[in-house]
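A.B. asks: I need the structure of the sequence given here:
(2 chains)
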2 protein chains.
Amino acid sequence: MPRPPDFSVEERRGVYRAISERRDVRSQFMPDPIPAPILRRLLQAAHHAPSVGFMQPWDFILIDDLHVRQRVKRLYEQENERAAQHYQGEQAELYRRLKLEGILESPLNIVVTCSRSRGGPHVLGRNTVLDADLFSACLAVQNLWLAARAEGIGVGWVSILDERCLADVLHLPADVYPLAYLCVGYVSEFLTEPELQTRGWRSRLPLEDLLHHNFWGESDNIGALIDQQVK
Amino acid sequence: MPRPPDFSVEERRGVYRAISERRDVRSQFMPDPIPAPILRRLLQAAHHAPSVGFMQPWDFILIDDLHVRQRVKRLYEQENERAAQHYQGEQAELYRRLKLEGILESPLNIVVTCSRSRGGPHVLGRNTVLDADLFSACLAVQNLWLAARAEGIGVGWVSILDERCLADVLHLPADVYPLAYLCVGYVSEFLTEPELQTRGWRSRLPLEDLLHHNFWGESDNIGALIDQQVK
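C.D. replies: Sure, this is the predicted structure:
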């Protein structure tokens, strides 16, 4: 028999709360600065993500300078204008009403980068899938996001940015990729549901529709693994 | 002033414990099956990851069939043999002594896939960076990994697999990418440090070396943000 888990009930609840109550924050940022010890904890959390071959390909650019954030905001506006043209009619109107970033309202922006040549030409475990370094850096983002939620701090990932323009603004070396542009700050509230769901853009899919047993598209006996309510 | 965090001290500690005590497990798996309600919680945790445009590009293939796992194990062995040829001398010997997967020893393998055309041709926020869907699926992996840690369950990501061969074995449609091959099960122990560090392959980098202020390579006044001990 496996040992009982070494987490208390409340510690375990904390993990699940952070996961289920985390939001992609755009509109609820407050200007209060993040105290240094708390910011350090968030960065340590990110730094303790798993990485392929223990490559730790991430760096963290902490941006509080307003001028830099204004330049990034303009990159966002250019790119968002291009994105908006993909939608027509009601969907276009809804798209333009959505607030998709909090670059200036949040007191701190954090860019998580991926140094693609860190660790030399042969990183253990990165032989076949060269993008495994990018995937590792994503895991660091999620660690930071969840730790922030536990601290009452919101995070929003701004993906509507041209990465080459962003790399220019931030003076990135050629082998460093700006993986995630994060807006970080205390929030007035965490919404109870993802905003894109509340606003009618897209709904959460039923988990049952996403499960397969041994092969794609097969669901025989999957109920025995998950529970009896799954068809 | 921001509101005090809505997490109790113990809930917050749970989040940080999951982050810092999580390991990439290869050698400590026990054969005990994961009870259905717990497995469902892990999958729900993964499903509550953030995703670009609320795309939720992930699916989960639960593999308990030994024959399927044996086929994947052979894919690993082929690919690992190719990978081993990159190293010479002492490093080659060390590489061959490292155990890098627990495909057969763990009672369950979970493949997290990314359906690259889910949500139609224009996914909100995925205009510029087309790989944002892969990044989202990574965040689901980390949610599952941390929830598993809180349950006393170990996870190991096997990245040494040819993804096209793996897609064949699992009967994946052409637009579905096998992002993460995870070995999942209870463990005899969680190692206190990453095994690659203990075995002398690579060490954790100092966080201080990974921090930048406003621009890459600049660290002026970063101590004021993080704490006074940072140069």
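A.B. asks: my guess is residue A:155 is in a helix, correct?
C.D. replies: No - remark: residue A:155 does not belong to a helix; assigned using DSSP: H, G, I helix; E, B strand; the rest coil, it is strand.
A.B. asks: what is it paired to in the beta sheet?
C.D. replies: Per DSSP bridges, the residues bridged to residue A:155 are residue A:24, residue A:184.
A.B. asks: any idea how far it lies from residue A:58?
C.D. replies: 15 Å (Cβ to Cβ, to the nearest Å). The way it works is simple: take the backbone N, C-alpha and C, and place the C-beta from them, glycine included.
A.B. asks: what does residue A:8 give?
C.D. replies: From residue A:8 across to residue A:58, the span is 30 Å (Cβ to Cβ).
A.B. asks: repeat for residue A:189
C.D. replies: Distance of residue A:189 to residue A:58, computed by Cβ to Cβ: 30 Å.
A.B. asks: more crowded one of these two?
C.D. replies: residue A:58 (27 against 12; other Cβ atoms under 10 Å in any protein chain shown).
A.B. asks: Got phi/psi on the more buried one?
C.D. replies: The phi/psi pair for residue A:58 (degrees, to the nearest 10) reads phi -90, psi 150.
A.B. asks: just checking, it touches residue A:139?
C.D. replies: No - look at residue A:58 against residue A:139 with Cβ atoms under 8 Å: they stay out of range, at 9.3 Å.
A.B. asks: residues shared between the contacts of these two?
C.D. replies: A:49, A:51 (Cβ atoms under 8 Å, 6 or more residues apart in numbering or on different chains).
A.B. asks: which non-adjacent residue is nearest residue A:6?
C.D. replies: Nearest residue to residue A:6, sequence neighbours excluded (Cβ to Cβ, 6 or more residues apart in numbering or on different chains): residue B:152, at 6.2 Å.
A.B. asks: again with residue A:101
C.D. replies: residue A:158 is the one closest to residue A:101 (Cβ to Cβ, 6+ apart), at 4.4 Å.
A.B. asks: Residue A:5 now?
C.D. replies: residue B:152 (3.5 Å).
A.B. asks: check contacts around that neighbour.
C.D. replies: Listed by Cβ under 8 Å, 6+ apart, the contact partners of residue B:152 are A:2-7, B:186-187.
A.B. asks: before we move on, what about residue A:83?
C.D. replies: A:95, A:160, B:122, B:124-125, B:127-128.
A.B. asks: what's the answer for residue A:201, then?
C.D. replies: Counting by Cβ under 8 Å, 6+ apart, residue A:201 has contacts A:94, A:98, B:53-54, B:124.
A.B. asks: Need the buried ones from the residues you listed selected in ChimeraX.
C.D. replies: To isolate the buried members of the contacts of residue A:201 in ChimeraX, using 16 or more other Cβ atoms under 10 Å in any protein chain shown:
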select /A:98 /B:53,54,124
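A.B. asks: which regions of chain A sit below the pLDDT cut-off?
C.D. replies: A:1-2, A:228-231 (pLDDT under 70).
A.B. asks: Compute the first-to-last residue distance for stretch A:94-101.
C.D. replies: 15 Å (Cα to Cα, to the nearest Å).
A.B. asks: Please identify the buried residues of it?
C.D. replies: Result for stretch A:94-101 [16+ other Cβ under 10 Å]: buried residues A:95, A:98, A:100-101.
A.B. asks: Mind picking the one among those that's closest to residue B:90?
C.D. replies: Relative to residue B:90, the closest of the buried residues of stretch A:94-101 is residue A:101; by Cβ to Cβ it sits at 49.3 Å.
A.B. asks: how about the closest one, secondary structure?
C.D. replies: In three-state terms, and counting by three-state DSSP, residue A:101 is coil.
A.B. asks: Output stretch A:142-149 in CSV with nothing but the alpha carbons.
C.D. replies: Written as CSV, here are the backbone C-alpha positions of stretch A:142-149 (Å, rounded to 0.1, in the frame of the first residue of the first chain):
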residue,chain,number,x,y,z
GLN,A,142,2.9,28.1,-14.2
ASN,A,143,4.8,27.8,-11.0
LEU,A,144,5.0,31.6,-10.7
TRP,A,145,1.3,32.0,-11.6
LEU,A,146,0.2,29.5,-8.9
ALA,A,147,2.5,30.9,-6.2
ALA,A,148,1.2,34.4,-7.1
ARG,A,149,-2.4,33.2,-6.7
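A.B. asks: That stretch vs chain B: in contact?
C.D. replies: Yes - for stretch A:142-149, a contact with chain B is found by Cβ under 8 Å from any Cβ of the partner chain, at A:142-143, A:145-147, A:149.
A.B. asks: Where neighbours are concerned, which of those has the most?
C.D. replies: residue A:145 (31 neighbours).
A.B. asks: which residues does the spatially closest residue to it that is not a sequence neighbour contact?
C.D. replies: Among residues not flanking residue A:145 along the chain, residue A:155 sits closest, at 4.8 Å (Cβ to Cβ, 6+ apart). Applying Cβ under 8 Å, 6+ apart, we find residue A:155 in contact with A:22, A:24-25, A:144-145, A:148-149, A:182-184.
A.B. asks: Apply 7 Å and report the result again.
C.D. replies: Going by Cβ atoms under 7 Å, 6 or more residues apart in numbering or on different chains, residue A:155 touches A:25, A:144-145, A:148, A:182-184.
A.B. asks: same deal with residue A:29?
C.D. replies: For residue A:29, the contacting residues are A:102, A:105-106, A:154, A:183, A:185, A:187, by Cβ under 7 Å, 6+ apart.
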